[in-house]
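A.B. asks: Here's a sequence, model it:
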Amino acid sequence: MDYKYLFGPVPSRRLGKSLGVDLVPFKVCSLNCVYCETGRTTNLTSERKEYIPIDEIILELKDFFSERQDIDIITFSGAGEPTLNSGIGKIISFIKLNFPQYKLALITNGTLLTDSNLCEEIKDVDLILPSLDAVSENVFKKINRGKSNLSQAKIIQGLINFNRNYNSRMWLEIFLIPGFNDSHEELMLLVDAAKKINPERVQLNTLDRPGTESWVQPMAKKRLEEIAKLFLPLTAEVIAKFDYSKENNLASEKVKEKIMAIISRRPCTIDDLQHMTLNSKSVILKEIGMLISENKIKITTKERGDFFELKGSR
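C.D. replies: Coordinates of the predicted model:
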């Protein structure tokens, strides 16, 4: 069965081997972040509805788990904001009832946690990973460029209330951009907000793949480590690269299809694709060469190397 809404399993820097589940089409989101690796938001909205039929996702999950799968976690993520799908509660209940051995993670921008109905729908996820990139409204608008009806103060209060009232573990991600949210004033506001939210972890991130806007630059690791100390006594960490050395180099009969599925969602280097598909570098290079000759790939060169993405994917 070819999957439209499942992707992976892929190695995640934070979660281990993760099966991704797309709950909204590309690129439906309540924010249009300047750094987003999946590209510019084409449908900027806060409206919740069943953007992707939940019953179709359930059929794919049944097929995928018809055989035992070696994964660490099922993750709601993809190329948009998953909580916009009004059926998210239904699919969480389905997984918990039928595949309780697998943990559930939700990667979210946190903008909709002001909705008490949504909070009830997602209360059974094991781990929620919301983002918080700014506290002051002007910096929030510069970085996240959300719908005009969004209030950062209300979004932060939603994070506080969710972590206080539900049992899901919470890891709070803060994406740092030099010159935007790294001033002393904004950092102190972020520290204060994080302490009020009181997550299990604060995870500092910065640009790794090409972002929506080409002028976004990564922050130096040393600076990230300095900033992490500001969040004490909270546990704060710089998100580490995934340790790929434990993976086996396995062959795949559908390498090309896997590559296309991965780079349709986010730009990747040859090394990224090697580890995500569990194939040798020579195999990946061969398939990438074929896709380039077919004019299906766009290449962007960044500090970490050449990033490949499917043309027309963003």
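
A.B. asks: My understanding was that residue 207 contacts residue 35; is that so?
C.D. replies: Yes. Between residue 207 and residue 35 there is a contact under C-beta atoms under 8 Å: 5.8 Å. From N, CA and C alone the C-beta is placed, and that goes for glycine too.

A.B. asks: for the closest residue to residue 44 other than its chain neighbours, what are its contacts?
C.D. replies: Computed as C-beta to C-beta, 6 or more residues apart in numbering, the closest residue to residue 44 that is not its neighbour in sequence is residue 32, at 5.6 Å. Going by C-beta atoms under 8 Å, 6 or more residues apart in numbering, residue 32 touches 40, 41, 44, 144, 145, 146, 212.

A.B. asks: Kindly indicate the member of these with the most neighbours.
C.D. replies: Neighbour tally across these (other C-beta atoms under 10 Å): the maximum, 25 neighbours, falls on residue 144.

A.B. asks: Among the contacts of residue 32, which lie within strands?
C.D. replies: residue 44 (DSSP state E).

A.B. asks: In terms of packing, which of residue 207 and residue 35 has more residues around it?
C.D. replies: Comparing residue 207 with residue 35 by other C-beta under 10 Å, the one with more neighbours is residue 35, at 23 against 20.

A.B. asks: Near residue 112, how many other residues are there?
C.D. replies: Around residue 112 there are 21 residues (other C-beta under 10 Å).

A.B. asks: who's in contact with it?
C.D. replies: When the contact criterion is C-beta under 8 Å, 6+ apart, the partners of residue 112 are 30, 46, 48, 81, 83, 84, 118, 158.

A.B. asks: How about the backbone phi and psi for it?
C.D. replies: phi -100, psi 0 (degrees, to the nearest 10).

A.B. asks: Show the residue spans covered by the strands in the stretch 201-314 of the chain.
C.D. replies: Taking DSSP state E, counting those that start in this stretch to define them, one finds strands in the stretch 201-314 of the chain at 201-205, 236-238, 297-302, 305-310.
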